[in-house]
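Asker: pasting the sequence and the predicted coordinates here, then a few questions.
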Amino acid sequence: MNSDESFDSSTYAGQIHLAERELASFIGAVTELFGPEQARLSTDDWLEESELMDSPPRSTSRDWRAVTVAASARLASRLTVARDHRALGTSTDAKVSPIPSSNCFACALLV
């Protein structure tokens, strides 16, 4: 192995290590704040965002924090939609109790 190959391997290994640390920190925080289901979904989001990066896969400089920010935006969007959906569900499911006939003004006039 020549020195160029060694440099490429060590740079690649360093990028993998940075990516693993960034992902682990992100998922740990999501798990603590929002639970394991959101952490699983956010892991998928993070991996998808890492694939969408403009840098070539073996680039010497990848911005893993930008991947985390993009995955966080997906999480925030998912949580907002879920919250809004729940809010709409409770407002349309509200039960209105009927007015008893003894309190009805028109009924009082009939008596």
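Answerer: Sure, I can see it.

Asker: what helices and strands are in contact with the longest helix seen in the chain?
Answerer: Counting residues, the longest helix found in the chain (DSSP state H) is helix 3-34. With contacts taken as 3 or more C-beta pairs under 8 Å, 6 or more residues apart in numbering; DSSP states H and E, helix 3-34 sits against helix 36-52, helix 64-92. Backbone N, C-alpha and C define where each C-beta goes, glycine included.

Asker: tell me which of the ones you listed is the most buried.
Answerer: Counting by mean count of other C-beta atoms under 10 Å, helix 36-52 has the highest mean neighbour count of the helices and strands packed on helix 3-34, with a mean of 16.

Asker: just give me the lowest mean pLDDT stretch among the helices and strands packed on helix 3-34.
Answerer: When the helices and strands packed on helix 3-34 are compared by mean pLDDT, helix 64-92 comes last with a mean of 89.

Asker: compute the inter-axis angle for that helix and helix 36-52.
Answerer: With axes from the mean of the first three to the mean of the last three C-alpha atoms, to 10 degrees defining the directions, helix 64-92 sits at 140 degrees from helix 36-52.

Asker: how far off helix 3-34 does helix 64-92 point, in degrees?
Answerer: On the basis of the same axes, to 10 degrees, helix 64-92 is oriented at 20 degrees to helix 3-34.

Asker: residue contacts, the closest residue to residue 74 other than its chain neighbours?
Answerer: Excluding the flanking residues, the one nearest residue 74 by C-beta to C-beta, 6 or more residues apart in numbering is residue 45, at 4.3 Å. Counting by C-beta atoms under 8 Å, 6 or more residues apart in numbering, residue 45 makes contact with 70-71, 74-75.

Asker: residue 52 too?
Answerer: Taking C-beta under 8 Å, 6+ apart as the criterion, residue 52 is in contact with residue 70.

Asker: so how far is residue 46 from it?
Answerer: According to C-beta to C-beta, to the nearest Å, residue 52 and residue 46 sit 11 Å apart.

Asker: same check, this time on residue 88
Answerer: Distance from residue 88 to residue 46, counting by C-beta to C-beta: 29 Å.

Asker: for residue 62, grab phi and psi.
Answerer: Recorded main-chain torsions at residue 62 are phi -120, psi 140, according to degrees, to the nearest 10.
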